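Asker: predicted model, plus sequence, below.
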Amino acid sequence: MLNDAILLVGITLMYSTPLVFGALGGVISERSGVVNIGIEGMMVIGAISAASASYFTQNPWIAFLVAGLCGAAVAALHALASVTFSANQTVSGVAINLLAPGIALFACRSFFDGAAMTPIVPKLPKIFGDNAFAGTIWANLNLNVTTVIALALALALWFVLYKTKWGLRVRAVGEHPAAADTLGIDVYRTRFICVLISGMFAGFGGASMTTAIISQFTQTAISGHGFIAMAAVIFGKWTPQGAYGACLLFGCTQALVVLLGGGNIVVPSQILAMLPYFMTIIVLVLFVGRSVAPKADGVPYIKGSR
């Protein structure tokens with residue numbers, strides 16, 4: 001029984017980690033007043049960037065950083081459209097989600113002789129090493145270093161948003177940008193920076209999938225994870241700690257899919273594949289009306305408006 005519980009915890013933490021990175025990106029962006037529907041596309045770019053960089057450099061740490069930079073680069077396009085030019089934020093995010101899979105596939109075919117997936121790439125290390133718990137039930141915990149990084153980022157983001165002057169400015173820009181502007185806060189710059197950070201976190205999420213979980217990029221490596229992360233943002237009431245907890249819930253759902261798929265109970269694979277997305281819909285139906293987004297979330301700011 002304890003063995004099964006440890007296995008469930010280990011798989012939950014493993015599958016929740018990419019979601020945590022994406023959800024934290026959603027939190028920082030929306031707290032500043034910019035809806036980032038493009039989290040999914042940024043995670044896809046991060047996934048292919050990390051897998052490619054890990055293969056060519058044979059260093060997954062460099063690959064992890066490259067993924068963050070590539071995610072931020074894509075986010076810069078979203079920031080340019082939605083912040084600088086006051087374009088519709090949802091349309092901009094959807095455009096990124098449509099373009100990213102095509103760009104990733106094109107890059108994969110270009111780098112790997114027409115293949116639709118990368119070769120197996122070097123992985124980021126486990127926290128305790130492969131042999132730390134060998135022969136014990138704790139071997140099922142199987143924690144990757146990205147799990148610790150995700151938790152550290154969640155704690156750091158909470159501290160920045162609620163315990164620092166810059167965090168107060170970010171929240172002010174997301175709630176009352178006109179009032180923040182009158183106090184000398186640069187609304188455009190603050191939002192631009194937050195969107196860049198959002199893309200960087202999403203890139204890390206993609207990297208954690210391809211360099212920590214499946215060890216390669218495939219077309220289905222990121223399949224709805226960005227949208228589940230956005231659901232976690234709503235469920236978590238736009239707070240880092242709430243989003244982290246929601247990601248653990250969705251990760252637990254994925255863990256149950258894995259355990260039920262290999263267990264004694266016969267459950268159709270199609271039903272199991274639907275379970276994480278079904279849980280996402282249920283959570284949104286039950287909690288979206290109770291969650292209150294920042295007042296200026298999704299509203300382009302025009303200087304001088306009130």
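Answerer: Received it, and whenever you're ready, just let me know what you need.
Asker: how close does residue 78 get to residue 301?
Answerer: With the distance defined as CB to CB, to the nearest Å, residue 78 ends up 15 Å from residue 301. Any C-beta I mention is one placed from the backbone N, CA and C, and that applies to glycine too.
Asker: show me which of those two is the more surrounded one.
Answerer: Between residue 78 and residue 301, counting by other CB atoms under 10 Å, residue 78 is the more crowded of the two (29 against 19).
Asker: and the next helix or strand past the helix or strand harbouring that one?
Answerer: With secondary structure defined by DSSP states H and E, residue 78 is part of helix 60-79. With elements assigned by DSSP H and E, the helix or strand that comes after helix 60-79 is helix 89-111.
Asker: in that following helix, what's buried?
Answerer: Burial within helix 89-111, assessed by neighbour count using 16 or more other CB atoms under 10 Å, is assigned to 89, 92-93, 95-97, 99-101, 104-105, 107-108, 111.
Asker: next: stretch 10-30.
Answerer: For stretch 10-30, the buried set under the neighbour-count rule, 16+ other CB under 10 Å, comprises 10-30.
Asker: rewinding a little: could you pull out the buried residues of the helix holding residue 78?
Answerer: Buried residues in helix 60-79, counting neighbours by 16+ other CB under 10 Å, are found at 60, 63-68, 70-75, 77-79.
Asker: against which helices or strands is that helix packed?
Answerer: Applying 3 or more CB pairs under 8 Å, 6 or more residues apart in numbering; DSSP states H and E, one finds that helix 60-79 contacts helix 39-57, helix 89-111, helix 187-210.
Asker: now do that helix against helix 39-57, angle only.
Answerer: Our comparison of helix 60-79 with helix 39-57, counting by axes from the mean of the first three to the mean of the last three CA atoms, to 10 degrees, yields an angle of 150 degrees.
Asker: just the angle between helix 60-79 and helix 89-111, please?
Answerer: On the basis of the same axes, to 10 degrees, helix 60-79 is oriented at 140 degrees to helix 89-111.
Asker: show the average pLDDT along helix 60-79.
Answerer: Per-residue pLDDT values across helix 60-79 average out to 97.
Asker: hey, what's the angle from it to helix 187-210? Just curious.
Answerer: Relative orientation of helix 60-79 with respect to helix 187-210: 140 degrees, computed using the same axes, to 10 degrees.
Asker: okay, helix 60-79 in CSV with CA atoms only?
Answerer: C-alpha atoms of helix 60-79 as CSV (Å, rounded to 0.1, in the frame of the first residue of the first chain):
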residue,chain,number,x,y,z
PRO,A,60,20.7,19.3,-20.6
TRP,A,61,21.3,22.3,-18.4
ILE,A,62,22.2,24.4,-21.4
ALA,A,63,19.2,23.1,-23.1
PHE,A,64,17.0,24.1,-20.2
LEU,A,65,18.3,27.7,-20.4
VAL,A,66,17.9,27.8,-24.2
ALA,A,67,14.3,26.7,-23.8
GLY,A,68,13.6,29.6,-21.5
LEU,A,69,15.2,32.1,-23.8
CYS,A,70,13.3,30.7,-26.8
GLY,A,71,10.0,30.9,-24.8
ALA,A,72,10.8,34.5,-23.9
ALA,A,73,11.5,35.3,-27.6
VAL,A,74,8.1,34.0,-28.6
ALA,A,75,6.5,35.9,-25.7
ALA,A,76,8.2,39.0,-27.0
LEU,A,77,6.0,38.8,-30.1
HIS,A,78,2.9,38.5,-27.9
ALA,A,79,4.0,41.4,-25.8
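Asker: distance from the chain centre to it, please.
Answerer: Distance, stretch centre to chain centre, for helix 60-79: 12 Å (CA atoms, centre = their mean, to the nearest Å).
Asker: what's the local residue count around residue 258?
Answerer: Neighbours around residue 258, by other CB under 10 Å: 16.
Asker: now do the contacts for it.
Answerer: If a contact means CB atoms under 8 Å, 6 or more residues apart in numbering, then residue 258 has residue 11 as its contacts.
Asker: separation between it and residue 251?
Answerer: According to CB to CB, residue 258 stands 11 Å off from residue 251.
Asker: mutual contacts of these two, please.
Answerer: Taking CB under 8 Å, 6+ apart as the contact criterion, the common neighbours of residue 258 and residue 251 are residue 11.
Asker: residue 46 contacts residue 64, correct?
Answerer: No - applying CB atoms under 8 Å as the test, residue 46 and residue 64 come out as separate, 9.2 Å apart.
Asker: now do the shared contacts for those two.
Answerer: Between them, residue 46 and residue 64 share these contacting residues under CB under 8 Å, 6+ apart: 204, 207.
Asker: and residue 144, backbone torsions?
Answerer: The main-chain torsion angles of residue 144 are listed as degrees, to the nearest 10 and equal phi -90, psi 160.
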